[in-house]
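> Need coordinates for the below:
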Amino acid sequence: MIKRFTALLMTLALALTMSGCSILFPKSSTLYSYEATGKGNTGKRAYTGTTVFDPDYYPYFKMLGPAAQDAYSMIYDGLAAGQTNIKLSGGMSADDVKEAFNMVLLDHPELFWVRTDFNYSYVEVTGAVTSAQFNFYDFASTPEALAKAKRDFDNATGEILKGAKKYDTVVEKELYIHDAINQAAEYDVDAPYSQSAYSALVTHRSVCAGYARAFQYLMQKSGIPCYYCMGTADGEAVAATGGTETSHSWNIVRTGHTYCNIDCMWDDSVSNAYGKNQYPFFNLSDQEFKYHVRTGQSLKLPACNDDSKSYSKLFGKTVEVKDLVFKK
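Here you go, the predicted model:
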């Protein structure tokens, strides 16, 4: 007997309770050729898909075992093609599918139309997942609407990417993109689509997740490895910068051969408080990056040990993290 189950992913930056909705896409699906490799992770992948996931840009894929990597590849290929119903054969477990979907969302901000909740069907006796049904935001409720949303997103990002090309160094491009996002977006805890880059770049209202996904997308498109980092933030700091939750997200950027932390949303909030652009959370080492603590799989992202590329060390004076005073 095949049963249906609704899975809610609660591991993104601001954990939200998702409700199911009716999707107007036709129930198209792709039956992937999947050679069973046995139960659980056997060390051998059976499905490699049509996309190669470079670990320099998609680190969460490499954190998965073989079965979950197969699920990741199938899910990505289907979602990128605009499918909502994706068949999964080969006996993978529900845990593999849930973990894979979460990692797809962490690695791929370009899938901005995909919500974080999904359903899956499984064989009751074995627990093997047979298919997964994904939900799209209402702005992508039909193929025509999705096509328009992609055009709107491309229009919103095209000028930023064009502007970033004018700069020679990684950090100069990074600063330009940082400023462009903060100019485009406004923090709003009630913003629709807040877990998507679409919210920051198209509707211009978002939370930390939308800022971080927008930055991740634009940096990736500029050829610079950039990761979405999950974590928590100090409660007083969250309140002072406009947030309501201790769950938080930011980015890790590869600047040359080292990595740095950057938090666009908190820089935006601090800038609003001071009345001009400030960069206290721009390119900091883990030691300098106070009030932020990684959680979950983000603990496996590269350590940030570089303290030489902060804003004040490269561009001039700014408010520093140590100078911030958080008031409840």
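> can we go C-alpha only for contacts and neighbour counts from here?
Noted.
> what's whatever helix or strand Ala156 lives in packed up against?
Under the criterion of DSSP states H and E, Ala156 resides in helix 143-164. Contact here means 3 or more CA pairs under 8 Å, 6 or more residues apart in numbering; DSSP states H and E; on that basis helix 143-164 packs against helix 170-184, helix 208-221.
> Need the mean per-residue confidence for that helix.
Confidence for helix 143-164, expressed as mean pLDDT, is 97.
> Kindly report the same for stretch 319-328.
Mean pLDDT, stretch 319-328: 80.
> what are the C-alpha coordinates of it, in PDB please?
Taking only C-alpha atoms (Å, rounded to 0.1, in the frame of the first residue of the first chain), the coordinates of stretch 319-328 have been written out as PDB:
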ATOM      1  CA  VAL A 319      30.900  51.200  12.700                       C
ATOM      2  CA  GLU A 320      32.600  48.000  14.000                       C
ATOM      3  CA  VAL A 321      30.800  45.100  15.700                       C
ATOM      4  CA  LYS A 322      32.600  45.900  19.000                       C
ATOM      5  CA  ASP A 323      31.100  49.400  18.900                       C
ATOM      6  CA  LEU A 324      27.500  48.300  18.500                       C
ATOM      7  CA  VAL A 325      25.300  48.700  21.600                       C
ATOM      8  CA  PHE A 326      22.200  46.500  21.500                       C
ATOM      9  CA  LYS A 327      19.100  47.800  23.400                       C
ATOM     10  CA  LYS A 328      16.000  45.800  24.000                       C
END
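> And it, what's buried?
By neighbour count with 16 or more other CA atoms under 10 Å, stretch 319-328 contains the buried residues Val319, Glu320, Val321.
> now the residues you listed as CSV including secondary structure?
Shown next, in CSV, are the buried residues of stretch 319-328 (DSSP: H, G, I helix; E, B strand; the rest coil):
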residue, secondary structure
Val319, coil
Glu320, coil
Val321, helix
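> Quick one: those as a markdown table, columns for distance to Leu161 too.
Output for the buried residues of stretch 319-328, formatted as a markdown table (distance: CA to CA, whole Å):
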| residue | distance to Leu161 |
| --- | --- |
| Val319 | 27 |
| Glu320 | 28 |
| Val321 | 29 |
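> out of those residues, which one sits closest to Leu105?
Ranked by distance to Leu105 (CA to CA), these are led by Val321 at 29.8 Å.
> so how far is the host helix or strand of Cys229 off the chain centroid?
For Cys229, the host element (DSSP H and E) is strand 226-233. When C-alpha coordinates are averaged (CA atoms, centre = their mean, to the nearest Å), strand 226-233 and its chain have centres 9 Å apart.
> what comes into contact with stretch 266-282?
By CA atoms under 8 Å, 6 or more residues apart in numbering, the list of residues contacting stretch 266-282 from outside reads 182, 187, 241-242, 261-264, 289, 310-311, 318-321.
> still on that earlier bit, check which helices and strands the strand holding Cys229 sits against.
Counting contacts by 3+ CA pairs under 8 Å, 6+ apart, the secondary-structure elements packed against strand 226-233 are helix 94-107, helix 208-221, strand 247-255, strand 292-294.
> State the mean pLDDT of the shortest one.
Same thing as strand 292-294. If you average the pLDDT values across strand 292-294, you get 92.
> quick one: average confidence on the next helix or strand after it?
Past strand 292-294, heading to the C-terminal end, the next element that is a helix or strand (DSSP H and E) is helix 311-314. Helix 311-314 carries an average pLDDT of 96.
> ok so, going back, with respect to burial, which of the helices and strands packed on strand 226-233 scores highest?
For the helices and strands packed on strand 226-233, ranked by mean neighbour count under the definition mean count of other CA atoms under 10 Å, the leader is helix 208-221 at a mean of 27.
> CA atoms of it as CSV?
Presented in CSV, the C-alpha positions along helix 208-221 are these (Å, rounded to 0.1, in the frame of the first residue of the first chain):
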residue,chain,number,x,y,z
CYS,A,208,17.4,37.4,6.7
ALA,A,209,16.7,34.3,4.6
GLY,A,210,15.6,36.4,1.6
TYR,A,211,18.6,38.7,1.9
ALA,A,212,21.0,35.8,2.2
ARG,A,213,19.5,33.9,-0.7
ALA,A,214,19.6,37.0,-2.9
PHE,A,215,23.3,37.6,-2.1
GLN,A,216,24.1,33.9,-2.6
TYR,A,217,22.4,33.9,-6.0
LEU,A,218,24.1,37.1,-7.3
MET,A,219,27.5,36.0,-6.0
GLN,A,220,27.2,32.6,-7.7
LYS,A,221,26.1,34.2,-10.9
